[in-house]
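**Student:** Here is a sequence together with a model predicted from it:
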Amino acid sequence: MSRYNVAFILTLIVLLSLGLKLYTIDFSIPVNSDNMIFTLDAISYSNGEIFISAKKNPGWPMFASLFTHLIDSNKFIDYSNLMRVLSMGISLLTILPMYIFARKFFNEKYSIVAASLFAFEPHLNFNSNLALSEPLYIFVMIISFVLILNKNEKFIYFSFALAGILWWIRLEGITLFIVISIIFFLNFRKTSKVIPKYLLCIVIFILVISPNLFLREQQFDDPFYFKWNELIDMKDDKNLQTLNTSKLDIQPIRGSVLKIEQILWGLSIFETLIHVLFPYIIILIPFGIFFSFKIFDQNSKLIKANWIMILVTIGILTIIFTINPDRRYLFQLYPYFIIFSVIPIQRLIEYGSNIFSFDEGEKNIFLIVVVCIIFVLGGLFTTLRFGPSDLIYENEKIEFVRLLNENFDGGILDAGNAIEYFTYSQIVDSEGIFDKNKPKNTKDVSLYIYIPGSVTQTIVSEKSLDELILNGKEDGLKYIAVKKDETFIHLHFLDDVYANEGNYPYLKKVFDSNEKGFQKLKVKVFEIDYKKFANLN
């Protein structure tokens with residue numbers, strides 16, 4: 001194929017991918033979770049405040065700060081949308097490195113198929129609109145991996161430099177350093193001065209990450225300090241599960257002693273992986289894995305490198321899943337599964353079967369049909385699984401948290417993700433005005449900590465309501481917010497509280513969304529009467 005035809009087709013793929021991304025995005029709703037922390041950090045960096053989060057590496061917000069300093073607005077939504085546009089743009093730009101990566105394994109036509117599999121992948125398209133770090137992470141990771149596969153030894157140094165940058169973006173970026181180190185010795189073990197060359201690669205990697213380590217030393221008196229280290233070392237599960245997220249901004253985790261429950265959480269990575277491979281990679285990947293062991297069109301070294309990347313990453317992520325089983329960790333595997341997913345398509349079209357075969361014209365037509373099917377499946381899944389936000393519902397959640405902060409004070413248990421905008425309500429005033437110059441607490445994980453006169457979120461993982469209340473007082477728990485039929489799995493015992501509140505005299509209802517005229521948000525807030533509970537028990 002001519003370069004012009006390749007460029008034209010890739011441009012068309014980018015435009016189609018943009019359409020799928022725009023279908024799921026809503027520019028009228030502010031970011032409200034990790035993406036909010038990234039946005040606030042980016043604003044702080046653009047104001048010249050240099051700090052390191054105790055929990056996350058700062059690569060994504062630091063990169064975004066190059067653009068946030070161009071905005072002068074008192075509306076947080078403007079910064080939210082800038083972060084969304086940046087992450088979406090990076091995701092679109094990654095289609096080109098994906099094509100270049102695929103060219104290591106296939107000719108132009110099948111590399112275009114690989115680019116299509118990446119561009120139309122529903123989970124990636126939805127994630128790219130959330131202002132999170134995955135798009136930049138995947139972009140840097142693919143380029144680094146392509147460079148380590150290059151026969152020119154000079155490129156390996158750039159690969160290790162990018163591995164250092166990847167670690168700046170996410171902590172698990174250290175995986176790439178391990179992978180490219182293995183590939184380095186497999187590919188260059190017979191060359192002269194291999195050890196000195198590798199030592200130089202290590203020096204380059206350390207030089208790139210050293211400013212991060214220096215900042216951690218300055219802030220936490222330990223260059224390798226991460227909040228996860230401290231949490232994993234804690235022995236008391238209860239303390240791990242009831243930490244106040246307004247101060248520590250952590251997910252509930254399950255202690256440092258290996259337990260059956262932890263092992264199961266770790267092994268859940270394989271179930272989660274099956275889910276994220278829908279709707280089309282799940283069909284292709286079994287055949288691709290089979291054909292990867294019967295190679296005759298691809299370079300065996302490259303296939304081996306792809307396997308190393310997949311297996312090492314899954315091995316490390318299995319450990320991470322014992323602490324935090326988040327499917328977003330698996331998104332970095334898409335490029336490598338896509339390579340294996342294209343192999344069966346290539347085999348079918350190029351070699352047919354005992355029953356049929358294609359001439360050159362039919363091969364081109366069939367390839368077009370394949371790309372169209374990929375687009376249709378990706379579009380259908382995007383429509384059914386990641387449709388546009390329900391504006392009424394989202395705005396009611398924002399209004400709900402505003403009412404909480406105006407009328408209540410104390411720790412609140414969010415049993416169904418009803419108060420996900422509570423940090424947003426703290427950073428804007430009653431008229432939605434946002435002060436981008438608010439100072440950063442550099443010793444803390446989150447930007448905004450507990451403000452007297454407002455609610456603060458508390459996480460608990462007790463197995464019964466009685467246990468929750470018995471432990472709640474010392475944890476500062478005052479209120480429980482329960483959504484109708486939407487409580488978290490580990491808090492399902494609160495479903496009955498919503499439906500049969502009269503059975504719980506020690507829980508005083510202080511808020512009911514139905515009474516406030518909410519249309520779609522069905523939530524009740526109960527204040528715990530600890531004295532009445534003690535008398536009844």
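**Tutor:** Alright, I've got the coordinates. Model, not experiment: these values are computed from the prediction.

**Student:** rest of the way, CA atoms for contacts and neighbours
**Tutor:** Will do.

**Student:** List the strands paired with whichever helix or strand Lys524 is part of, with their directions.
**Tutor:** In this structure, Lys524 is located in strand 523-528 according to DSSP states H and E. Looking at strand 523-528 with DSSP bridges, its partner strands are strand 477-483 (antiparallel), strand 507-512 (antiparallel).

**Student:** which residues are in contact with the next helix or strand after it?
**Tutor:** Later in the chain than strand 523-528, the nearest helix or strand by DSSP H and E is helix 530-536. The contact list for helix 530-536, computed with Cα atoms under 8 Å, 6 or more residues apart in numbering, reads 469, 473, 505-506.

**Student:** Stretch 367-386 now?
**Tutor:** Residues contacting stretch 367-386 (Cα under 8 Å, 6+ apart): 20, 24, 109, 113, 116-117, 120-123, 126, 279-280, 349.

**Student:** Give the rounded mean pLDDT of that stretch.
**Tutor:** Averaging pLDDT along stretch 367-386 gives 95.

**Student:** Then stretch 112-125?
**Tutor:** 98.

**Student:** Stretch 16-26 too?
**Tutor:** Stretch 16-26 shows an average pLDDT of 95 in the prediction.

**Student:** now do stretch 221-241
**Tutor:** 57.

**Student:** Please apply the same query to stretch 334-348.
**Tutor:** In the prediction, stretch 334-348 has an average pLDDT of 96.

**Student:** For Leu96, see how far away the residue nearest the centre of the chain is.
**Tutor:** The centre of the chain sits closest to Arg328, judged by Cα atoms, centre = their mean, with a distance of 3.7 Å. In this structure, Arg328 and Leu96 are 22 Å apart, going by Cα to Cα, to the nearest Å.

**Student:** Same question for Leu377.
**Tutor:** From Leu377 to Leu96 the distance is 22 Å (Cα to Cα).

**Student:** try Arg347
**Tutor:** Taken as Cα to Cα, the span from Arg347 to Leu96 is 24 Å.

**Student:** Let me know the next secondary structure element after the worst-scoring helix or strand of the chain on mean pLDDT.
**Tutor:** When the helices and strands of the chain are compared on mean pLDDT, DSSP states H and E, helix 245-248 comes out lowest with a mean of 30. Using DSSP H and E, the helix or strand that directly follows helix 245-248 along the chain is helix 260-276.

**Student:** now that next one: how far from the chain's centre is it?
**Tutor:** Distance of helix 260-276 from its chain centroid, counting by Cα atoms, centre = their mean, to the nearest Å, is 16 Å.

**Student:** same for it, what does it pack against?
**Tutor:** helix 300-321 (3 or more Cα pairs under 8 Å, 6 or more residues apart in numbering; DSSP states H and E).

**Student:** looking only at pLDDT, what's the mean for the helix it packs on?
**Tutor:** Across helix 300-321, pLDDT averages out at 95.

**Student:** what does stretch 157-175 give?
**Tutor:** Averaging pLDDT along stretch 157-175 yields 96.

**Student:** Please identify the buried residues of that stretch?
**Tutor:** Neighbour counts using 16 or more other Cα atoms under 10 Å place 157-170, 172-175 of stretch 157-175 among the buried residues.

**Student:** Among those, name the ones in helices.
**Tutor:** 157-169, 174-175 (DSSP state H).

**Student:** Of these, which pair is most distant in space?
**Tutor:** Tyr157 and Ile169 (19.0 Å; Cα to Cα).

**Student:** Tell me who's in contact with the residue nearest to the centre of the chain.
**Tutor:** Arg328 touches Glu134, counting by Cα under 8 Å, 6+ apart.

**Student:** Also Gly472?
**Tutor:** Lys478.

**Student:** and it, how far is that from Lys478?
**Tutor:** 8 Å.

**Student:** What of Ala534?
**Tutor:** For Ala534 relative to Lys478 (Cα to Cα), the value is 15 Å.

**Student:** higher neighbour count, these two?
**Tutor:** Lys478 (22 against 11; other Cα atoms under 10 Å).

**Student:** hmm, back to that, for Gly411, state which of the contacts of stretch 367-386 is nearest.
**Tutor:** Phe126 (32.5 Å).

**Student:** What's the local residue count around the closest one?
**Tutor:** Neighbour number of Phe126 under other Cα under 10 Å is 20.

**Student:** Thr313 touches Phe177, doesn't it?
**Tutor:** No: checked against Cα atoms under 8 Å, the pair Thr313 and Phe177 is beyond contact range at 10.9 Å.

**Student:** Residues that sit against both of these two, list them.
**Tutor:** Common contact partners of Thr313 and Phe177 (Cα under 8 Å, 6+ apart): none.

**Student:** how about stretch 210-229: buried residues?
**Tutor:** Neighbour-count burial for stretch 210-229 [16+ other Cα under 10 Å]: 212-216, 219-220, 223, 225-226.

**Student:** need the contact list for Thr487.
**Tutor:** 415-417, 494-495.

**Student:** Just the buried ones out of those residues, please.
**Tutor:** 415-416, 494-495.

**Student:** how about the residues you listed in CSV, adding pLDDT?
**Tutor:** Putting the buried ones among the contacts of Thr487 into CSV (pLDDT from 0 to 100) gives the following:
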residue, pLDDT
Ala415, 85
Gly416, 84
Leu494, 89
Asp495, 89
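
**Student:** All set, thanks.
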